[in-house]
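> Sequence and computational prediction follow.
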Amino acid sequence: QVQFVESGGGLVQPGGSLRLSCVCSGSIFIIGTMGWYRQAPGNQLELVAGITSGGSPYYLDSVKGRFTISRDNAKNTVYLQMDSLKPEDAAVYFCNAPTSRGPEFRSWGQGTQVTVSS
């Protein structure tokens with residue numbers, strides 16, 4: 001079973017930056033499209049950004065121009081560079097493999113907490 005280990009979260013002031021990392025126990029080259037999700041208290045899980053096997057990214061409208069997703073297939077790692085953070089970006093961030101049916105894998109990592117506050 002594929003496992004994910006997310007890291008890089010923390011407390012940052014509005015306007016600040018964080019870089020999240022997700023290490024996958026399996027080959028992300030084989031998995032294909034990878035993505036970052038987030039869930040804030042009381043909110044549903046939402047897909048924030050995805051990146052195809054060919055490296056094409058896509059984003060939730062509210063993070064376009066502020067977040068950048070990337071991948072390193074050799075390291076089985078997916079990154080999320082988050083700039084100009086806003087309080088509404090605060091959530092637990094997870095990675096998984098997005099498909100048209102939803103996340104590919106039922107197993108989730110522990111996530112990484114992002115808190116945006118002054």
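Cool, got the structure.

> secondary structure element for the nearest residue to Gly8 once chain neighbours are set aside?
Sequence neighbours aside, Leu20 is the residue nearest to Gly8 in space, at 4.1 Å (criterion: Cβ to Cβ, 6 or more residues apart in numbering). Placement of C-beta: from N, CA and C, glycine included. With secondary structure defined by DSSP states H and E, Leu20 is part of strand 18-24.

> Name the residues of that strand that are buried.
For strand 18-24, a neighbour-count test (16 or more other Cβ atoms under 10 Å) marks 18, 20-24 as buried.

> wait, what's in contact with the residue nearest to the spatial centre of the chain?
Nearest to the mean C-alpha position of the chain, counting by Cα atoms, centre = their mean, stands Trp36 at 2.4 Å. Residues in contact with Trp36 (Cβ atoms under 8 Å, 6 or more residues apart in numbering) are 20, 22, 47-50, 69, 78, 80, 93-95.

> Mark which of the residues you listed are part of helices, please.
Among the contacts of Trp36, no member falls in helices (DSSP state H).

> Of these, which is the most crowded?
Cys95 (31 neighbours; other Cβ atoms under 10 Å).

> Now for this structure, the helix or strand with the poorest mean pLDDT.
Least confident helix or strand of the chain, by mean pLDDT, DSSP states H and E, is strand 102-103 with a mean of 92.

> what does that one contact?
Identification of contacts with strand 102-103 by Cβ under 8 Å, 6+ apart yields 35, 37, 96-97.

> The residue nearest to Val92 when sequence neighbours are not counted: what's it in contact with?
Leaving aside its sequence neighbours, Val92 sits nearest to Gly111 (Cβ to Cβ, 6+ apart; 4.0 Å). By Cβ under 8 Å, 6+ apart, the residues touching Gly111 are 6, 9, 39, 92-94.

> Going by residue numbers, what spans are strands in this structure?
Per DSSP state E, the chain has strands spanning 4-7, 10-12, 18-24, 34-39, 46-51, 57-59, 67-72, 77-82, 91-96, 98-99, 102-103, 112-116. These are given in chain order.
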